[in-house]
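Colleague: Task: produce atomic coordinates for the following.
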Amino acid sequence: MESHVPHKQRLWLYALTALILIFLVLPTLIVIPMSFSSANSLAFPPPGWSMRWYESFFGQEKWLLSAWVSLRVAFGTMIVATTLGTAAAYGLHVGSFALRGTISSVLIAPLAIPSILLAIGMFFVYASAGLLNSMLGLVIAHTLVAIPFVLITMTAGFKTYDLSQEMVARSLGASRLKAFFTVTLPQLKFSVISAALLAFIVSFDEVVISVFISAGPNSTLTKVMFSTLRDDVDPTIAAVSTLMLIIATVPPLVLQLLANRKREP
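Modeller: Next up is the predicted model:
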C-alpha cells in the first residue's frame, strides 16, 4: 500500500515549482505592459500608458505584410503537417512492419536536431532547388519542424482509441478509408484539433529557419522582428510580441476548456 506524503512535507517542491514557473513566465509577461508604454524605447516599468505601438503595428506596411505571410505559411503548414502527421501516426499505430521504429525516429528527429543546423542545411538545399524566399519553401520547411508535434499528439490519441470500432465498420462493408473518416477520425477530433493548433503555433513562432530562407516580400513576422531588433530597437516589437503571445496561448486554452467540459458528466 502506497503511503501518502502530507502536503506540508511537499511545500519545498511547491515552492521550487513556483519559482521555476516565475522564472520562465515572468520575462514573457513583462513584454505586455511594455507594449502599452508611452516611452520612445523599450522601458520597464512604463513611464506612461499609450496605444501608440499597436497603432504603429497596424499602420506600417512591413508589419502587416509580414504578418500576412506568417499567417498564410502557418495555415499551409497546419494543413500539410496535420494531414501527413495524422496519416503517419495511423500507419505506425496499426502497422507491424519491420521499419516502423526507424520511420518513427526519422519523423521525430527534427525535435532533436538544433534549429540552426536544420536552417543551414535547408538554405543550401533551397539555394540549389530555387526555393529560397518562396512561400512553398517556407511551408515545406515549417512542415518538417511541425510534423513531430503532430505525430506525437496523434500517436497518443490513437493509443486511447479502440480500433475494434473501425474493424466493425469494415466488417459491415465500409472501406478502410471510409471507416477511418467516418468512425475513427470523428472520435479523435480533439487530438486532431490539438495537433493542428500545435502545427500552426510552431510555424507562426518559427524564427531561426525563417531568418535563413525568407526575405523581401516573403519575410515572416518573426524575421522582420529579428531584423528590427538587430538594426533598430523599435518598441513596436513589444506590441507584436504581445499579439503573438495571444495567438499562441488563447486557442489552446479555449480548446482545453472545451475538452474538459466534454469530459464532465
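Colleague: Please enumerate the helices of the stretch 101-250 of the chain.
Modeller: Under the criterion DSSP state H, counting those that start in this stretch, helices of the stretch 101-250 of the chain are mapped to 115-129, 135-159, 164-171, 176-179, 185-187, 189-205, 208-213, 221-231, 236-263.
Colleague: So for the fifth one, what gets flagged as buried?
Modeller: Buried residues in helix 185-187, defined by neighbour count with 16 or more other Cβ atoms under 10 Å: Leu185. (C-beta placed from N, C-alpha, C; glycine too.)
Colleague: Now do it: everything it contacts.
Modeller: Outside helix 185-187, the residues that touch it by Cβ atoms under 8 Å, 6 or more residues apart in numbering are Tyr161, Gln165, Val192.
Colleague: Selection in PyMOL covering whichever of the residues you listed are buried, please.
Modeller: Buried members of the contacts of helix 185-187, defined by 16+ other Cβ under 10 Å, are picked up in PyMOL with:
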select buried, resi 161+192
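Colleague: between the helices of the stretch 101-250 of the chain, which one is nearest to His93?
Modeller: helix 135-159 (4.3 Å; Cβ to Cβ).
Colleague: Could you give me the buried positions within that closest one?
Modeller: Buried residues in helix 135-159, defined by neighbour count with 16+ other Cβ under 10 Å: 137-155, 157-158.
Colleague: Same list (the helices of the stretch 101-250 of the chain) but as JSON lines, adding distance to Val73.
Modeller: JSON lines is the format used below for these (distance: least, Cβ to Cβ, whole Å):
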{"stretch": "helix 115-129", "distance to Val73": "14"}
{"stretch": "helix 135-159", "distance to Val73": "5"}
{"stretch": "helix 164-171", "distance to Val73": "34"}
{"stretch": "helix 176-179", "distance to Val73": "29"}
{"stretch": "helix 185-187", "distance to Val73": "25"}
{"stretch": "helix 189-205", "distance to Val73": "6"}
{"stretch": "helix 208-213", "distance to Val73": "8"}
{"stretch": "helix 221-231", "distance to Val73": "10"}
{"stretch": "helix 236-263", "distance to Val73": "14"}
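Colleague: Can you list the low-confidence ranges for the stretch 1-150 of the chain?
Modeller: Scanning the stretch 1-150 of the chain for pLDDT under 70 picks out 1-8.
Colleague: Longest helix in the chain, please.
Modeller: Secondary structure of the chain per DSSP state H: the longest helix is helix 61-94.
Colleague: Arg176 versus the nearest residue to Phe158 once chain neighbours are set aside, what's the distance?
Modeller: Nearest in space to Phe158, with sequence neighbours left out and distances taken as Cβ to Cβ, 6 or more residues apart in numbering, is His93 at 4.3 Å. Remark: distance between His93 and Arg176 (Cβ to Cβ, to the nearest Å) = 13 Å.
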